[in-house]
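**Student:** fold the following and give me the result.
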Amino acid sequence: MRFIKTISVVLITLVIVFVIGCKKEKNNVTGVVVEHHEYVDLGLPSGTLWAKCNIGADNPEDFGDYFAWGETKTKDVYDWKQYKYSVFEEDSYKLNKYCTDPSCGVGGFVDNLTVLESGDDVARAEWGENWRMPTSEEFNELYQNTTFVWTEINGVYGRLLTGSNGNSIFMPATGFRLDDQLICTGLGVYWSSSLQTDCQVAAWSLHFDDVNCHVCGTYERSRGQVVRAVSNNRP
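**Tutor:** Sure, this is the predicted structure:
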């Protein structure tokens, strides 16, 4: 009888250790797949899940593809002449979508759209309906609720963002494309889906280097920048 009790205690102990081990392993998972792409749960207040890689990238340190704001295809030249939502009028380029100021719109055009529609969201276009571009508010949440450490992975510099739950994402310093050139690769510049309403020709971006990090609204929509997708859909 004592022998049987001893075996029972051992078995119960092994089951408890196994369960605890499984729970610990599950909590440390940082690459859960949604529509063939991995997200990381950083424990953010909103529950927003951030992609492990940039759009067009295979690894966290890869730059990925560059897009003008509101466009869903890459191209060779990034300027106002090639921009999808601009028209040359008199002596300057004017906007024909995402405009709240008649002085910036073609013939006084306004549509009062301040966030990209789903058809103009490259994350949704490339990765499916469970993914989208982050808003400027979500970039602010990311910045305020993670530690941003400048580091290097496989020879690529960028910021390692670690949430309160210990999970991390790496965002490489990708620079941006202007005309036909890739420039400023010591900077990380990532598009949000939010228009800069005080400056219609620009949209909000996450901007960082080895010293500073903030959400910036000075980058013109015609430039090519990378995109890090988000999701709110857990499997």
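
**Student:** only C-alpha atoms from now on, for both contacts and neighbour counts.
**Tutor:** Fine.

**Student:** hmm, residue 130 is touching residue 124, no?
**Tutor:** Yes: counting by Cα atoms under 8 Å, residue 130 does reach residue 124; the two are 7.1 Å apart.

**Student:** check the secondary structure at residue 39 for me.
**Tutor:** When classified by DSSP: H, G, I helix; E, B strand; the rest coil, residue 39 comes out as strand.

**Student:** tell me the pLDDT at the residue nearest to it when sequence neighbours are not counted?
**Tutor:** Nearest residue to residue 39, sequence neighbours excluded (Cα to Cα, 6 or more residues apart in numbering): residue 51, at 4.1 Å. pLDDT for residue 51: 98.

**Student:** neighbour count: residue 130 and residue 124, which is higher?
**Tutor:** residue 124 (19 against 15; other Cα atoms under 10 Å).

**Student:** what's in contact with the helix or strand containing that one?
**Tutor:** Assessed by DSSP states H and E, residue 124 sits inside helix 122-127. With Cα atoms under 8 Å, 6 or more residues apart in numbering as the test, helix 122-127 has contacts from 35, 37, 55, 70-73, 118-119, 130-133, 227-229.

**Student:** for it, buried residues please.
**Tutor:** 122-125, 127 (16 or more other Cα atoms under 10 Å).

**Student:** cool, stretch 184-191 as well?
**Tutor:** Neighbour-count burial for stretch 184-191 [16+ other Cα under 10 Å]: 185-191.

**Student:** and the helices in this structure?
**Tutor:** In the chain, the segments counted as helices under DSSP state H are 2-27, 122-127, 136-144.

**Student:** comparing these by mean pLDDT, which bottoms out?
**Tutor:** The minimum mean pLDDT among those belongs to helix 2-27 (a mean of 36).

**Student:** check contacts around residue 116.
**Tutor:** Residue 116 neighbours (Cα under 8 Å, 6+ apart): 70, 98, 193-195.

**Student:** same question for residue 183.
**Tutor:** Residue 183 neighbours (Cα under 8 Å, 6+ apart): 175-177.
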